[in-house]
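[1] Following is a predicted model, sequence given first.
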Amino acid sequence: MIVVVALVVLLGVLAIGAWLIILERRLLALWQDRYGPNRAGPFGLAQIVADMVKIFFKEDWVPPFADKVPFILAPGVIIATVLLSFAVVPFSPLFTVSRLNVGLLFFLGVSSLGVYSVILGGWASNSKYSLLGGIRGIVQMLSYEVFMGLSVVGVVMLAGSFDLSDIVRAQRGLWFFIPQILGFVIFFIGGIAVTHRIPFDLPEAENELVAGFHTEYSGMKFGMFYVGEYVGVVLISAMTVALFFGGWLGPFLPPLVWFLLKTFLFMCVFILVRAALPRPRYDQLLAFGWKLLLPLSLANIVLTAAIYLAAKG
Amino acid sequence: MVTVLFFVAGALAIVSTALAVTRPNAVHALLYLIVAILSLSVLFYLLGAPFAAALEVIVYAGAIVVLLLFVVMMLNLSHQSVAEERTLLKPSIWIGPGILAAVLLGALIALLSNGAPAGGDSIEGPAAVGTALFRPYLVGVEIASFLLISGVVGAYHLGRRLKEPRP
């Protein structure tokens, strides 16, 4: 049973991550007054299949100056860590791969290992643009993981558990984004930074660093970085829903449908943010994190604890 | 099943730590260190300490080794330093560490033969760890936080901007 659930989650999440690419291209096109890819299949949905077939036939070139083993390992790391994090995502009461009693910490720990793909890709490529992108990636992901971790402490306090299913159940009366609005905003900003999406895509800023840490990658190795980023978006959306928007809770529709609907909404928000905001400068990014988000998340923890204890009497 | 997993993870931890010590390339050594930390985390989980296992991954694998890698990348070590490292790893260099490790191994064997307390009977959840930290071990936690504060003050001192005289 558990194997079936795990297989469905793995394949489903990969498929959603791949089709998110099409969703993004179509939505960006809509907001920019053009059509986007609409030729292949209904609404251009088969475009991603065509792209996949094409990318598998591309030459998979490993540069002679690269450090071979880490270079080949790096794209695998991002896919592996992101997919592993889905093991604790509570899709519905029955549809969860693993109910770990430290589920939230498991998510934070495993997703923080994703930074190694950026580091290894940047370092093993042995090229200056890749190294600069890798260094930026380390600092950015390390910093924003701190705020991400701190922003969910309030949720853990209110739910009294690290188990994600318990956290969802604790939101029966009130979804946590109302008492934890600050935590939600910080978590979402941290999520954008950790998946290094525009506006926080400084590790791969294409107008300064060619393509940053994956400059030297080609073929399906590049494809894995690409898909890994989009699956990461699905992961952060799903975690936002589980932590702050009541997970599978909702009237009329079955729990799984509610979870997928809410996750879809947040994936669209990710794309909207990309369409709307320009990229900040690197020092602005770090100053914003350490001077604004860190004090805010600490204040959120203290306030939540004070109110919680006062209400408890 | 659990016993097999325990020994596999333990063997992985030992082998990867040994490789982390002996690799001449600093980045490769750190990669082996990550494998060692992850297998340690598996050991913690199997011994009934899921909270410690999660923190091991978040703090050590997710943050500290990343910072070490960051420093190594900033230093931009070349093939020359790999060659230098090779000359450092002569057989004679292993005598001192070998003696120290042998003493530790002797102590460990003595402890184990007397029946050391083995964990794994109960699972200590996050709440139990929290109460232990903030009730009996409160003083230790506070002293450790002094250390962290001194680190923060030191970093602030090093990173402060000197006031430049206006031209």
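    Arrived safely, thanks for sending.
[2] Following the chain onward from the helix or strand where A:G12 lies, which element is next?
    Assessed by DSSP states H and E, A:G12 sits inside helix A:2-31. Elements were assigned by DSSP H and E; along the chain past helix A:2-31, the next helix or strand is helix A:47-56.
[3] one step back: can you tell if the helix holding A:G12 touches chain B?
    No - on the criterion CB under 8 Å from any CB of the partner chain, helix A:2-31 is out of touch with chain B, staying 14.6 Å away. For every residue, glycine as well, the C-beta is placed using N, CA and C.
[4] Check which residues of that helix are buried.
    The neighbour-count check on helix A:2-31 (16 or more other CB atoms under 10 Å in any protein chain shown) flags A:5, A:9, A:13-14, A:16-18, A:20-27, A:29 as buried.
[5] What's the separation between the nearest residue to B:G10 once chain neighbours are set aside and chain A?
    Counting by CB to CB, 6 or more residues apart in numbering or on different chains, B:G10 lies nearest to B:L43, which is 6.3 Å off, once chain neighbours are set aside. Distance of B:L43 to chain A, given as CB to the nearest CB, to the nearest Å: 15 Å.
[6] OK, contacts around B:L43?
    B:6, B:9-10, B:13 (CB atoms under 8 Å, 6 or more residues apart in numbering or on different chains).
[7] Any chance of TSV for those residues, columns secondary structure?
    As requested, those are arranged in TSV below (DSSP: H, G, I helix; E, B strand; the rest coil):
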residue	secondary structure
B:F6	helix
B:A9	helix
B:G10	helix
B:A13	helix
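[8] Can you select the buried ones among those residues for me in ChimeraX?
    Entered in ChimeraX, the line below selects the buried ones among the contacts of B:L43, by 16+ other CB under 10 Å:
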select /B:6,9,13
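[9] With distance to A:P179 and pLDDT as new columns, can the contacts of B:L43 be given to me in a markdown table?
    What follows is these, written out as a markdown table (distance: CB to CB, whole Å; pLDDT from 0 to 100):
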| residue | distance to A:P179 | pLDDT |
| --- | --- | --- |
| B:F6 | 42 | 84 |
| B:A9 | 40 | 86 |
| B:G10 | 44 | 86 |
| B:A13 | 42 | 89 |
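[10] ok, the contacts of B:L43 vs B:R135, which is closest?
    Comparing the contacts of B:L43 against B:R135 with CB to CB places B:F6 closest, at 30.2 Å.
[11] Please verify my assumption that the closest one contacts B:L46.
    Yes - counting by CB atoms under 8 Å, B:F6 does reach B:L46; the two are 5.0 Å apart.
[12] May I have the phi/psi pair for A:W290?
    phi -80, psi -30 (degrees, to the nearest 10).
[13] tell me the contacts of the closest residue to it other than its chain neighbours?
    Sequence neighbours aside, A:S143 is the residue nearest to A:W290 in space, at 6.6 Å (criterion: CB to CB, 6+ apart). Neighbouring residues of A:S143 by CB under 8 Å, 6+ apart: A:193, A:286, A:289-290.
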